[in-house]
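J.: Give me the fold of what follows.
(chains A and B)
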Number of protein chains: 2
Amino acid sequence: MFVMDLGSNFAQWKKQCVAKVDLSKKGSIDEDICDVVRFINLSENFFTTSSCSGRIILIDGVSDCEDVQKQNSSWLFVTHQMCNKTDVISALKRSQGDAVFKFEPFVLHVQCKRLQDAQLLAVRSTHCLEVPLSHKGQLLVEDHYIDFLVEVANQKMQENFRRIKRFDDCLKSAIHPEELHSELPDFADKKPIYKQRRKRTQDSSQAAVCLNNKENASSDECDGLDYGLSLFK
Amino acid sequence: MFVMDLGSNFAQWKKQCVAKVDLSKKGSIDEDICDVVRFINLSENFFTTSSCSGRIILIDGVSDCEDVQKQNSSWLFVTHQMCNKTDVISALKRSQGDAVFKFEPFVLHVQCKRLQDAQLLAVRSTHCLEVPLSHKGQLLVEDHYIDFLVEVANQKMQENFRRIKRFDDCLKSAIHPEELHSELPDFADKKPIYKQRRKRTQDSSQAAVCLNNKENASSDECDGLDYGLSLFK
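T.: Residues are numbered from 1 along each chain as shown, chains lettered A, B, ... in the order given. Presented below is the predicted three-dimensional model:
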């Protein structure tokens, strides 16, 4: 693993990357992270390669498969907004394996021109939920528990949206106007293009920031917010 | 936020840091991560500032407190090994607020001499569990569900131990023998000293790797293992 100095070729590299085909499952940017993604891509020193505004998902995994890497799982339900109990219960009825209900906070993968650009952007904290709900297709909990769970997930989603807003505000005050393209580059107004991580890690090495925003109110070793910078291979 | 070039003062800085008082809740290194921590601290280019071998915890949070940052929570149960149902249920009976059952994988915070050292070490993947079990002191699920949950958490803990072993093996083959201290420095055999993150982030800026090992079998955007490097303020 190594980091190339991409400073001098960054603009060219950015242009190439955003021109690639979107291989993500959804194929488009989540609405609630659009402003942030657009602003980052307008900046000369950054561009995004992956993003999610946060989601509530219900996944059906294979029962009794010890190797987590080999588990095939299907998605029973996904929303990037608040969810309601009826939808979750209805999706849960289709579980044939081990269903897990999850909340995942917003995440951004950002390529940065220089290390100091990456440092400007870096923020990470913990904020998750991961609850097994069925085993071999059999529901493990009662309806009132799912009710409670939906409430907890929706609270986390609301907090997540507040954090996106806060991140957006901080970003706009941290990036100087002169670092923004004075005119939209030809790719800035196009649908930003993401590739799946599995694909991306096969590329030549690159410096990137992974921003994910998680809550961890309990840990003795973590603050609510954890500032970090990631360089991905 | 900025990164200092600590290359020339690294040895001195390492000596100072490991001599500080351990402010962590536990006050000592978890047994299952001891070998890894010791090996890292023997290397000239690294030292650890925080570690956890992975844990299963039951936390009692304050009900109806919307601001997650302000929640005071108490620990009802914690183990760095496999857990048993009786202990979890017994601890759960002491819940007066919102109890959450969690599995957290091993984590290491490592200070690195140079950026390329940090890149050598960097690994991250997702592997968690976070399940609300009580609300305002009232249990939300039945015993058989806790039984299932304990089983899931223990499977994750086993996988976590396999990953520590794998990480240890990889580390030992990646770090050249000449990069290790030929003799134990005076601090290498002492109880390594950790400070709470809240304290640490008040220090002068420093380059560090945060290694945490999480499983995410479901996400369309993450591989099981995610390689990254973090520079902490």
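
J.: Now do the same for the closest residue to residue A:174 other than its chain neighbours: its pLDDT.
T.: The shortest distance from residue A:174 to any non-neighbouring residue, by CB to CB, 6 or more residues apart in numbering or on different chains, is to residue A:120 (5.7 Å). For glycine as for every other residue, the C-beta is placed from the backbone atoms N, C-alpha and C. Residue A:120 carries a pLDDT value of 76.

J.: Tell me how far residue A:120 lies from residue B:147.
T.: Plainly put, residue A:120 is 48 Å away from residue B:147 if you go by CB to CB, to the nearest Å.

J.: more neighbours, these two?
T.: A side-by-side neighbour count of residue A:120 and residue B:147, using other CB atoms under 10 Å in any protein chain shown, places residue A:120 first with 21 against 13.

J.: can I assume the more buried one is in contact with residue A:175?
T.: Yes: the pair residue A:120 / residue A:175 is scored as a contact, 7.4 Å apart, by CB atoms under 8 Å.

J.: Now do the buried residues in the longest helix anywhere in chain A.
T.: Taking DSSP state H as the criterion, chain A has its longest helix at helix A:143-174. The neighbour-count check on helix A:143-174 (16 or more other CB atoms under 10 Å in any protein chain shown) flags A:145-146, A:148-150, A:152-154, A:156-157, A:159-161, A:163-164, A:167, A:171 as buried.

J.: can you pull out the helices in chain A?
T.: Using DSSP H, helices in chain A cover A:10-18, A:34-42, A:85-92, A:115-121, A:143-174, A:197-200.

J.: what's the least confident stretch among the ones you listed?
T.: When these are compared on average pLDDT, helix A:197-200 comes out lowest at a mean of 36.

J.: What is the burial count for residue A:92?
T.: Neighbour number of residue A:92 under other CB under 10 Å is 20.

J.: Distance of it relative to chain B?
T.: 14 Å (CB to the nearest CB, to the nearest Å).

J.: Am I right that that residue is in contact with residue A:132?
T.: No: Residue A:92 is not in contact with residue A:132 according to CB under 8 Å; the separation is 11.6 Å.

J.: What sits closest to residue A:175 if chain neighbours are left out?
T.: residue A:43 (5.6 Å).

J.: Just the pLDDT at that neighbour, thanks.
T.: pLDDT recorded at residue A:43 is 87.

J.: how deep is it tucked in, by neighbour count?
T.: 21.

J.: Residue A:16 now?
T.: 11.

J.: ok, now residue A:9?
T.: Applying other CB under 10 Å, we find 12 residues neighbouring residue A:9.

J.: Kindly provide the distance from it to residue A:18.
T.: Residue A:9 is 15 Å from residue A:18, by CB to CB.

J.: So what sits opposite residue A:129 in the bridge?
T.: residue A:103 (DSSP bridges).

J.: That one contacts residue A:154, correct?
T.: No: between residue A:129 and residue A:154 there is no contact under CB under 8 Å: 10.6 Å.

J.: What residues are bridge-paired with residue A:99?
T.: The partner list for residue A:99 in beta bridges (DSSP bridges) reads residue A:60.

J.: For it, grab the count of nearby residues.
T.: Residue A:99 has 28 nearby residues by other CB under 10 Å.

J.: same thing with the one 10 residues further on?
T.: Other residues lying near residue A:109 total 21 when counted by other CB under 10 Å.

J.: Kindly report the same for residue A:177.
T.: When neighbours are defined as other CB under 10 Å, residue A:177 has 7 of them.

J.: Distance of it relative to chain B?
T.: Separation of residue A:177 from chain B (CB to the nearest CB): 21 Å.

J.: Next one, pLDDT for that residue please.
T.: 78.

J.: how close does it get to residue B:86?
T.: Residue A:177 is 62 Å from residue B:86, by CB to CB.

J.: what's the answer for residue A:60, then?
T.: 30 Å.

J.: higher neighbour count, the two?
T.: residue A:60 (24 against 9).

J.: just to revisit the earlier point, just list whatever residues bridge to the residue nearest to residue A:175.
T.: Note on residue A:43: beta-bridge partners residue A:180, judged by DSSP bridges.

J.: List the contacts of it.
T.: Shown in contact with residue A:43 (CB atoms under 8 Å, 6 or more residues apart in numbering or on different chains): A:175, A:179, A:180, A:181.

J.: do the same with residue A:117
T.: Contact analysis of residue A:117 by CB under 8 Å, 6+ apart lists A:45, A:46.

J.: Export the helices of chain A as a markdown table, with columns for distance to residue A:109.
T.: Shown next, in a markdown table, are the helices of chain A (distance: least, CB to CB, whole Å):
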| stretch | distance to residue A:109 |
| --- | --- |
| helix A:10-18 | 11 |
| helix A:34-42 | 11 |
| helix A:85-92 | 28 |
| helix A:115-121 | 11 |
| helix A:143-174 | 14 |
| helix A:197-200 | 8 |
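
J.: For residue A:25, find the nearest of those.
T.: helix A:197-200 (11.8 Å; CB to CB).

J.: And residue A:16, how far from chain B?
T.: Relative to chain B, residue A:16 is positioned 21 Å away (CB to the nearest CB).

J.: list the contacts for that residue?
T.: Shown in contact with residue A:16 (CB under 8 Å, 6+ apart): no residues.

J.: how much space between it and residue A:48?
T.: 14 Å.

J.: What of residue A:89?
T.: Per CB to CB, residue A:89 is found 35 Å from residue A:48.

J.: How about residue A:128?
T.: Separation of residue A:128 from residue A:48 (CB to CB): 22 Å.

J.: who's more crowded, the two?
T.: In this view residue A:128 and residue A:48 are compared by other CB under 10 Å, and residue A:48 has more residues nearby, 25 against 19.

J.: so residue A:24 sits right up against residue A:49, yeah?
T.: No: in this structure, residue A:24 is not within contact of residue A:49 by CB under 8 Å, at 10.4 Å.

J.: Quick check on those two: which one has the bigger neighbour count.
T.: Set residue A:24 next to residue A:49 and count neighbours by other CB under 10 Å: residue A:49 wins out with 23 against 17.
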